[in-house]
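# How does the following fold in three dimensions:
(3 chains, ligands or ions: 3)
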Amino acid sequence: MSKTPVQFRHNGVDVAVFVDGGANLLTAIREGVGDTAPKFGCGQGTCGVCTVLIDGEPHLSCITLAEAVAGRSVETADGLKNGPDLHPLQRAFMEHFAAQCGFCTPGMLMAAKALLDKNPAPSRAEVVEAIGGNICRCTGYEPIINAVLAAASAGPGRQRA
Amino acid sequence: MLEFRKEYFADERDENLNEIGKPTQRQDMVGHVTGTTTYFDDHKLAGLLHLKVLRSPHHHARIRGIDTGAAERAPGVRRVIRGADVPRNLNTLLSLLNFGKDDEPTLAVDKVRYKGEPVVAVVAHSEREAFEALAQIRVDYEPLPAVFDVEEALKAGAPVVNETYPKNSFEYHGRYDHQKLRFGDVERAFAEADHGLEERYQMSPIEHAPTETNGCVAAPETNGRYVVYTCAQGLFFSLDTCAKILDVPSNKLHFVGGTVGGGFGGKVDSLTEPLAILGAMLTGRPVRYVLGREEEMQFGSPRGAERIYVKDAVMRDGRITARKVTSYFDSGAYTRLSSYAVIKCAAHIPGPYTIPNVHADVYCVYTNRVPATAMRGFGVTAVDFAIECQMDKLAHLVGIDPMEFRILNAYRDGDMKAHRREAKNTALIECVQVAAEKAKWPIREEFRRMSSRAGGGGARAAVPHTPGTPAGGARPPAPQRTTYDRPPQPAQAPIFEPQKPSPSPPSPRQPTPAPATTQHGAARFSSVFGTRRR
Amino acid sequence: MPIAVKTCSSLGEAAAALSTDRGARFLAGGTLVMRAVNEGDLAVSTIVRATDSAFSEIRSAGARIAIGAGATMAQILAHRELDFLHPVARLIGGPAVRSAATVGGNLFAPSPYGDFAAALLALDATVSLQGGYGAREAPLEECLASRERSGGLVASVSLNRPASPGAFRFRKVSRVRPKGISVLSIAAHLPLSGGRATGARVAYGAMAPTPIRAKAVERALEGRTLDTAGIASALAVAAEGTNPATDAIASAWYRREVLAVHLRRLLLNEPER
Ligand SMILES: Cc1cc2nc3c(=O)[nH]c(=O)nc-3n(C[C@H](O)[C@H](O)[C@H](O)COP(=O)(O)OP(=O)(O)OC[C@H]3O[C@@H](n4cnc5c(N)ncnc54)[C@H](O)[C@@H]3O)c2cc1C
Ligand code: FES
Ligand code: FES
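Ligands and ions are numbered 1, 2, ... in the order given. As a prediction, this is how the structure comes out:
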């Protein structure tokens, strides 16, 4: 059966992939692009391990039709670091032991990035809200929340408490 | 935050520790935060096929017939797998330790015993094609009465869940339908107690819900070997299980794993590996079998349900003098690891307390529910929940602070435990003290000063007369000490008034020859199960 | 057979595509449609989507507001004039669900979903239904009642701003926060005249197969003051006409049992706990 071509920007680079009809964006990224940072945890929008940014907004790639991102910009955790330099969120997650099995981490990072890109000095409640769609079964949310807050205070908008 | 309380047992510890008490970065952390940690599903394999299984819609039914004709002809289908295609279609996980009888098929043949049991597998080019083929399989079921309650299942006339165990209970030592613990005389203690308390506790099944669902990818390698990328928690346990089911030498299988997207016990059952490897054998192509979230939640094995009855005797001064526990583990339709959980449970009763009379009966029961498995402390978690609820109620009953009540009854070094081993390196008293302090829960000075190292042993080291056990047969094994064990403290005045001497005084301890210096781990393990090694 | 995807530039074209193919499913944000596809739901053989930009526009003229059915919860939250709907939109899923979940999709989300639809119901919203040849207006209530059968495509939803800022109230009862699925939700529009309720509208989510109006409650509130004595008769009939489901979130019994408690808190404007 024929496949459909989809072109989009993936972590700043133009890519083109062929997808089956009805394929979701997660499959397109993992199998088409070969970026396995976003994970499959449920395929139902309930766990958040597949979270990516589409034009800067957080989206669940497993419940996004691949064809719907044609011409748009998609960011995944694989694009977070700048060359060898880790993103402040990545450093903060390391320093605050915000991962155990690591399966939720790529999604958590993207949900947190969506927040910090818009709100560089979030309150604790805002962090909780931002990662509210992401489930972590190992670490517990405290270290993750602390890591996001630490990354925020290390970043540009550290004025607000 | 983590805190290392060095003041406790300070004299027992080497101060020059390099790692303990200091934060250490995980070696896999960089991979985690960059999204480059490789889980089983992150391997790219050319020509990958997808496996999906048809599951039973019934809790209990006879299979009269299976028609896979249309599915075999469906577009994209490479292979339909039925029970007859599985080389050894009956297994029990702990058979690798020679414990228990083979009772679970990889694909159901004559009967389905729980809703969600795998019946047929389809290997196809895409997941969609596999789903479409599954929809074309016709299974003729004759529904049978089902049983979901552990106590109902043990009654005469209950539906037989699993013909391997026609009494709906696991068989220990080839003949007992439960595990027993007898220590002292509970009935006498109940008769003499100031108060009695009997309660019923229950815990529902709990799903591990790992963020990564169970799954694996198997592919032919060279030399007739198969490589298996898997999230199995016990990699070699799974390898040997697959070798047995597929009837191949274990050196034909090459398991790659170790990176698990959350397991918590739910990834020890080899839920997907045997079929994926069989799929790869039958098609000569890489085969991926991953549970969907709904499959994981509904049919991935949970922590099993338990029902627990606890009856205690307690004196006005707070001493618990007897504890009687009857507990039922809901194993679901097959054994998996519940038989072992029952042994752990029996060994854990009466909890970390020194109680002179203990009586326990623990059953591993089959019902038409999803088979249960390991989960973080399984075997003791639910009974601990029951015991600690009970402790609060007992404290209330005798009007003693619940923290102090626990310290009062806590085991101490040198005490005799109900399964006839000396309590060593105990630390419950200190744990309660720290918990009280952290919770700003006031406890009296004398309780703050108590220690696990003082007040134990002496009369508390005795094995009481136990009705029904041969006289003198209850002698405890000689204590086995290692260099890690705290040295025994001189016997001190017991914290309670000495117990009334039992009618027939325990026989004096015989000097027992020291045990062999080392014991092989597997031999020790099988001695727990009371079975010989193969 | 792989799924066919039809991308239509106009809603009329999409409506026509839907009406000719029984296996066709309209995809808006896709939060529910893609879930079905991922789980192997064979009832979906064609996905129809619309790229018409008007489909997700929000327009206001005076007190009347028209929300394109393709507008997302995130869009609602970014729109100042829809501030009265912000507390509702903020409670739909997590942020990543809200950037996809649409207003139109919420009208078709099976119970216990449909919190936003319950709010629209209390605001007496009307829908614009797109057929292959043209559009027609219908009350939202009618659209919800026939949603399983009609297969109609909703182009937009229209409503009036609430009579006063405090007149519109919404409660979502869930066990997990944030992001919990509804045990139930209650929306009410309570215009007052001389301190007494006139033309009250009360709607429930998750209390029936679709969001429903609580008509007995509305009648019982007519002309009453919103105090303990005034709402007593409304609370007595709170569960009338409800038919909740037993699901993983709550039992039907529980939903019926707690309904009046939450209705009381909403009517008395008690703080949420
Ligand atoms: C993790 C998660 C949490 C959620 N939490 C909530 C919640 O708290 N509250 C809640 O109410 N819902 C919730 N939902 C359900 C759902 O996301 C929302 O109801 C959403 O508004 C549905 O919109 P959609 O655009 O994604 O629908 P889609 O998936 O695109 O469509 C859903 C259905 O509606 C039909 N449809 C869509 N648009 C139209 C239209 N314009 N005309 C006719 N038919 C149409 C589709 O054909 C389909 O049958 C949740 C979902 C997920 C995955
Ligand atoms: S895999 Fe996308 S939300 Fe779980
Ligand atoms: S670290 Fe395992 S799920 Fe979060």
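# is it true that B:Leu181 touches B:Ile349?
Yes: shown here, B:Leu181 and B:Ile349 form a contact pair, counting by Cβ atoms under 8 Å, at 5.9 Å. Where you see a C-beta, it was placed from the backbone N, CA and C, and this is true even at glycine.
# Got phi/psi on the residue of the stretch 301-450 of chain B found nearest chain A?
Closest approach of the stretch 301-450 of chain B to chain A (Cβ to the nearest Cβ) occurs at B:Arg376, with a separation of 11.4 Å. When read as degrees, to the nearest 10, the backbone of B:Arg376 gives phi 20, psi 90.
# Could you give the number of residues near it?
The number of residues packed around B:Arg376, counting by other Cβ atoms under 10 Å in any protein chain shown, is 13.
# tell me the contacts of it?
With contacts taken as Cβ atoms under 8 Å, 6 or more residues apart in numbering or on different chains, B:Arg376 has the following neighbours: B:Phe264, B:Gly265, B:Arg303.
# which SS class is the second one?
Using DSSP: H, G, I helix; E, B strand; the rest coil, the secondary structure recorded for B:Gly265 is coil.
# follow-up on the earlier one: which of the contacts of B:Arg376 has the most neighbours?
Ranked by the number of neighbours (other Cβ under 10 Å), the contacts of B:Arg376 place B:Arg303 first, at 25 neighbours.
# I'd guessed B:Pro371 sits against B:Ser301; true?
Yes: using Cβ under 8 Å, B:Pro371 is in contact with B:Ser301, at 5.2 Å.
# Give the buried residues for stretch B:397-416.
B:397-398, B:400-416 (16 or more other Cβ atoms under 10 Å in any protein chain shown).
# hmm, back to that, nearest to B:Gln233, of the contacts of B:Arg376?
The nearest member of the contacts of B:Arg376 to B:Gln233, counting by Cβ to Cβ, is B:Gly265 at 7.2 Å.
# What does the pLDDT read for the closest one?
The per-residue pLDDT reported for B:Gly265 equals 96.
# I figured it hits B:Thr373, correct?
Yes: between B:Gly265 and B:Thr373 there is a contact at 6.3 Å, judged by Cβ under 8 Å.
# what residues are shared contacts of the two?
Taking Cβ under 8 Å, 6+ apart as the criterion, B:Gly265 and B:Thr373 both touch B:Arg303.
# Quick check: which ranges of chain C have low pLDDT?
Counting by pLDDT under 70, chain C contains no low-confidence range.
# Quick check: closest non-adjacent residue to the closest residue to ligand 3 within it.
Residue nearest to ligand 3 within chain C (Cβ to the nearest ligand atom): C:Gly94, separated by 15.4 Å. Setting aside the residues directly before and after it, C:Gly94 is nearest to A:Gly133 in space (Cβ to Cβ, 6 or more residues apart in numbering or on different chains), at 2.1 Å.
# Would you mind measuring from the one you found to B:Val287?
A:Gly133 sits 32 Å away from B:Val287, taking Cβ to Cβ, to the nearest Å as the criterion.
# Compare these two and say which is more crowded by neighbours.
B:Val287 (30 against 23).
# Not counting sequence-adjacent ones, nearest residue to residue 131?
Let's take chain A. Once its chain neighbours are removed from consideration, A:Ile131 has its nearest residue in A:Ala111; the separation is 5.0 Å (Cβ to Cβ, 6+ apart).
# nope, chain C please
Taking Cβ to Cβ, 6+ apart as the measure, C:Gly131 lies nearest to C:Ala15, with 5.5 Å between them; neighbours along the chain are not counted.
# Pull out the CA atoms of the helix or strand harbouring that neighbour and give them to me as CSV.
Secondary structure assignment for C:Ala15, by DSSP states H and E: helix C:11-19. Extracted in CSV, the C-alpha atoms of helix C:11-19 (Å, rounded to 0.1, in the frame of the first residue of the first chain):
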residue,chain,number,x,y,z
LEU,C,11,-15.8,22.0,5.9
GLY,C,12,-18.4,21.4,3.2
GLU,C,13,-16.0,19.0,1.5
ALA,C,14,-15.3,17.3,4.8
ALA,C,15,-19.0,16.9,5.5
ALA,C,16,-19.5,15.3,2.1
ALA,C,17,-16.6,12.9,2.6
LEU,C,18,-18.1,11.9,6.0
SER,C,19,-21.6,11.3,4.7
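# Given the next helix or strand after it, what are its sheet partners and their directions?
Scanning the chain past helix C:11-19 towards its C-terminal end, the next helix or strand to appear is strand C:24-26 (assignment: DSSP H and E). In the sheet containing strand C:24-26, the strands it pairs with under DSSP bridges are strand C:46-50 (parallel).
# and the strand it pairs with, anywhere near ligand 1?
No: counting by Cβ under 6 Å from any ligand atom, no contacts exist between strand C:46-50 and ligand 1, the nearest distance being 8.2 Å.
# Just want the angle from that strand to helix C:11-19.
170 degrees (axes from the mean of the first three to the mean of the last three Cα atoms, to 10 degrees).
# about what we covered before: need the overlap of contacts for B:Leu181 and B:Ile349.
Taking Cβ under 8 Å, 6+ apart as the contact criterion, the common neighbours of B:Leu181 and B:Ile349 are B:Val358, B:Ala360, B:Val362, B:Ala418.
# How about the residues of the stretch 51-200 of chain B by chain C?
Applying Cβ under 8 Å from any Cβ of the partner chain, one finds that the stretch 51-200 of chain B approaches chain C through B:Lys52, B:Pro75, B:Ser126, B:Glu127, B:Arg128, B:Phe131, B:Glu132, B:Leu134, B:Ala135.
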